[in-house]
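[1] Need coordinates for the following:
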Amino acid sequence: MARTSILNANELTQKAWPQTVFRIQLENMQLSNMMSEGNDMPIVLDRTLQGRIGDQVIFELDMPLSNAGGTDDSDIEGEEEAMSFFNFPVTIHERNHGVRSAGKMTDKRSAVKIRSKAAFAIARWAAEQSENDMIWGLSGLGNQNTYAGEGTSAILTVNEKAPSASRIFYGGQTAAGAVTVESSDSAIADSAGDDYQNFLFGTKIITRIKTKAVLAFPKFKPILINGKHMYVIIIHPLQETALIEETGAAGWAQIQQNANVRGGRNPLFGKLGEGEERIFNGAVGVWNDVIIYVSERIETRVAGEVFDNGDTIDVGIVSGTSRVCRALFLGAQAGLFGWGQPWKRLERNFDYFRKPGTATDGIYGFSKTRFRDPGAGQSTNTAQADFAVWVVDTAAEEA
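    Numbering: from 1, shown residues only. Okay, here's the model as predicted:
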């Protein structure tokens, strides 16, 4: 039987997301308060390729001058210092998804209207994928929670980079605050007498990593909030439990008090922050100028699994009893989210307009920031250490 053609103009419509759907997307993104088109937040948004040809966003860093300069009557001419510009590319890829009604009887049987619900479901999906990508990228993992180099994911919106050796912490502390440092994930609780409870998360770990960040070279850039240098750490709920249960004066009560702001503007009482202070929104506390967030998206591993290729979690970390969690300690410009095309809403009616479908697609890429030194010849592009992310691997007791 002959079929009547329907022109694309009649059956496929592309338009920008309604403002309400954008709001739904942002409300489902915990990291939205850490994003900015400037360089002052952990996640930098770049829209350079929106409306332009290209599949790479190039981020640049002006390195500070290092020479001592001249003095009394010395010549400047001939003694000028060559400026150095580091670079960092992020490749963008397409991401898409859709839903479709089974037909009129599906809509007839239920109060749920597929078409009216689809736009919001797709917006929530897009938010979850974007946030997952950011957590995976900052953790040194690839799309769909693969380890860097595994190559099993067809989705490539994460520009995967394993953690720099100088930007990773293995170990933990006891509830009483005794710290143990290891050299790999496989060494955490790797002997019969080395209990996972010696490798928990706590305030001593926060302080240790903050000190490492302050003294790091290349410079680990802090977040400037009201003239004060601060950092962010995102931890798993199981790590939060260890933090709450930590003993002594340096425990959870002190973390709550260190939120500083009293009354209605206290970030612990709701999403009230504005401007640079919005980074406090959703925080559970502050310790030693480190803003603490909790996210169930923080990745965990048990015996036989890996965060990084070749570094297998020991049999001492037993599923159902304990896990190794990878917290993320962040400074400014920790990651770059490059847009090629913002999420678009796509609608199409199938089977004589009886089965509506709703979809979305976007073009973007995310990577933690790792600048490259082009060298004197401007051609070597030697990778430096992770710019402003420190991964923190500790054990945690399962609930």
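[2] Glu296 contacts Pro237, doesn't it?
    Yes - the criterion here is Cβ atoms under 8 Å, and Glu296 meets it with Pro237 at 5.9 Å. Where you see a C-beta, it was placed from the backbone N, CA and C, and this is true even at glycine.
[3] Quickly note the distance from the closest residue to Ala388 other than its chain neighbours to Glu398.
    In space, and not counting its chain neighbours, Ala388 is closest to Gly331: 3.5 Å by Cβ to Cβ, 6 or more residues apart in numbering. When Cβ to Cβ, to the nearest Å is applied, the distance between Gly331 and Glu398 equals 30 Å.
[4] okay, the two: which has more neighbours?
    Legend: neighbour count by other Cβ atoms under 10 Å for Gly331 and Glu398, higher for Gly331 (23 against 14).
[5] Could I get the contacting residues of the more buried one?
    42, 213, 220-223, 231-232, 387-389 (Cβ atoms under 8 Å, 6 or more residues apart in numbering).
[6] Surely Glu305 touches Asp314?
    No - in this structure Glu305 lies outside contact range of Asp314 using Cβ under 8 Å: 10.6 Å.
[7] Please say which of these two ends up with more neighbours.
    Asp314 (20 against 16).
[8] and the helix or strand where Leu346 lies, average pLDDT?
    Using DSSP states H and E, Leu346 sits in strand 335-350. Average pLDDT, strand 335-350: 89.
[9] pull the longest helix from the chain.
    Across the chain, the longest stretch assigned as helix under DSSP state H is helix 114-138.
[10] Please identify the buried residues of that helix?
    Under the neighbour-count criterion of 16 or more other Cβ atoms under 10 Å, helix 114-138 has 114-115, 118-119, 122-127, 129-138 buried.
[11] What is the burial count for Ile92?
    A count of nearby residues for Ile92, using other Cβ under 10 Å, gives 24.
[12] re the thing from before, tell me which of Glu296 and Pro237 has more neighbours.
    Neighbour count, other Cβ under 10 Å: between Glu296 and Pro237, Pro237 has more, with 13 against 9.
[13] And that one, how far from Ala327?
    Per Cβ to Cβ, Pro237 is found 11 Å from Ala327.
[14] Asp393 now?
    8 Å.
[15] And for Asp386?
    14 Å.
[16] And Glu305, how close does it get to Pro163?
    In this view, Glu305 and Pro163 are 16 Å apart by Cβ to Cβ.
[17] I'd assumed Val99 was in contact with Thr360.
    No - judged on Cβ under 8 Å, Thr360 makes no contact with Val99 at a distance of 9.8 Å.
[18] what touches both of the two?
    Contacts common to Thr360 and Val99, judged by Cβ under 8 Å, 6+ apart, are Ile122.
[19] the more surrounded of these two?
    Comparing Thr360 with Val99 by other Cβ under 10 Å, the one with more neighbours is Thr360, at 24 against 17.
[20] mind checking which helix or strand the more buried one is in?
    Secondary structure from DSSP H and E places Thr360 in strand 355-368.
[21] what pLDDT, on average, does whichever helix or strand comes after that strand get?
    Downstream of strand 355-368, the next assigned helix or strand under DSSP H and E is strand 372-373. The average pLDDT for strand 372-373 rounds to 80.
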